[in-house]
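Trainee: test case, fold it:
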Amino acid sequence: MNIGQAPGLAGIFGFATALICAGLMGYAIQRGATCTVAAVDEIVNRRKATRLIAIIEASLWVTGGLLLASLARLPAIQPASYAVTGWTIAGGALLGYGAFVNRACVFGAVARIGSGEWAYLMTPIGFFLGCWTVASSRLSGAPKGDAASLVFAASYWLAPLLAIFAIWRLWQIGSAIWRRRFAAHIWSPHHATGVIGITFVIMLLTVGAWAYSDVLAEIAHGMTNMLGARFILFLALFAGALLGGATAGRLSWHRPTIGSATRCFIGGLLMGWGSSFIPGGNDGLILIGLPLLFSYAWIAFATMCVTIAAAIIVTNRR
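Mentor: Numbers count the residues shown, from 1 in each chain. Down below sits the predicted model:
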């Protein structure tokens, strides 16, 4: 997802803050087992939407953070929007089917690696090669659009509503910490996505829009702007996930087999293709496109979820 970047607040301090936030994001992803595939599976097989609602909550945290930044007149953030075309639908379907094959979306792959499921190291490799093959074929996917986000236009009445939501959720998190439940092996999905959303906003204001699938896509497309710094954040994300797995007692050696490694590679490859066509991985869609109410992101994410659900239903009937 080629997103316009905001100017950093200040050099080394800003990057150090972003580095900590990337680690915390990885930690939260692992502790909350955050994954779109798991969220859709919960809807299909358990008739519950707890995880999907929590994922949408991450978008609400980002929306609130962007509105606060806008009202505080911090440096303007102008993420790119994309047109809704057939590529949007095709990309969302490939993203969803790739996540189903992989048994985890790009978020879920981070959580799996944090638990020592080393076959999932093939997921980012496959994702990179998927982006690279699309870039090499000169297929461009959906073109950029010129739609401005309606969120900023409604900032004065949206901000109080989101502030009420934030206070309510932070009170819940504080209560969990007081009862010593926050250190449990598995975080509530709402707690995890709250941390993901907050850390993403801080990173947005310090180093610009960042998602690890974006780093892989940019490398595949030959973009080298701040590549070293962004790759360090990429490593911090996975280091945070490993720390989350270790402190929860869930990090153990899961020896990859040829079958599991191949499955993760193919899943990553399909997600790389889908991400290039939309463009944007599901992490970028959730943390940028959905919060800004960009129609391409909502359509692509909905298509991804429907595709995962259809694949699960078909598999269950076999």
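Trainee: tell me the secondary structure of residue 279, please.
Mentor: Following DSSP: H, G, I helix; E, B strand; the rest coil, we place residue 279 in the coil state.
Trainee: ok, it to residue 93 distance?
Mentor: 14 Å (CB to CB, to the nearest Å). Any C-beta I mention is one placed from the backbone N, CA and C, and that applies to glycine too.
Trainee: more neighbours, the two?
Mentor: residue 279 (30 against 20; other CB atoms under 10 Å).
Trainee: look up phi and psi at that one.
Mentor: Main-chain dihedrals, residue 279, degrees, to the nearest 10: phi -90, psi 160.
Trainee: right, and it touches residue 214 too?
Mentor: No. Using CB atoms under 8 Å, residue 279 is not in contact with residue 214; the gap is 9.5 Å.
Trainee: how many residues are close by the closest residue to residue 83 other than its chain neighbours?
Mentor: The shortest distance from residue 83 to any non-neighbouring residue, by CB to CB, 6 or more residues apart in numbering, is to residue 145 (4.4 Å). Using other CB under 10 Å, residue 145 has 15 other residues around it.
Trainee: one more: residue 235?
Mentor: Residue 235: 14 neighbours (other CB under 10 Å).
Trainee: need the helix or strand of this structure with the lowest average pLDDT.
Mentor: helix 150-153 (a mean of 70; mean pLDDT, DSSP states H and E).
Trainee: all strands for the chain, in order.
Mentor: 81-82, 144-145 (DSSP state E).
Trainee: okay, these, which one's buried deepest?
Mentor: The highest average neighbour count among these, using mean count of other CB atoms under 10 Å, belongs to strand 81-82 at a mean of 24.
Trainee: state the mean pLDDT of the longest helix along the chain.
Mentor: Secondary structure of the chain per DSSP state H: the longest helix is helix 155-178. Averaged over helix 155-178, pLDDT sits at 73.
Trainee: verify the contact between residue 308 and residue 36 for me.
Mentor: Yes. If you go by CB under 8 Å, residue 308 and residue 36 touch, sitting 6.9 Å apart.
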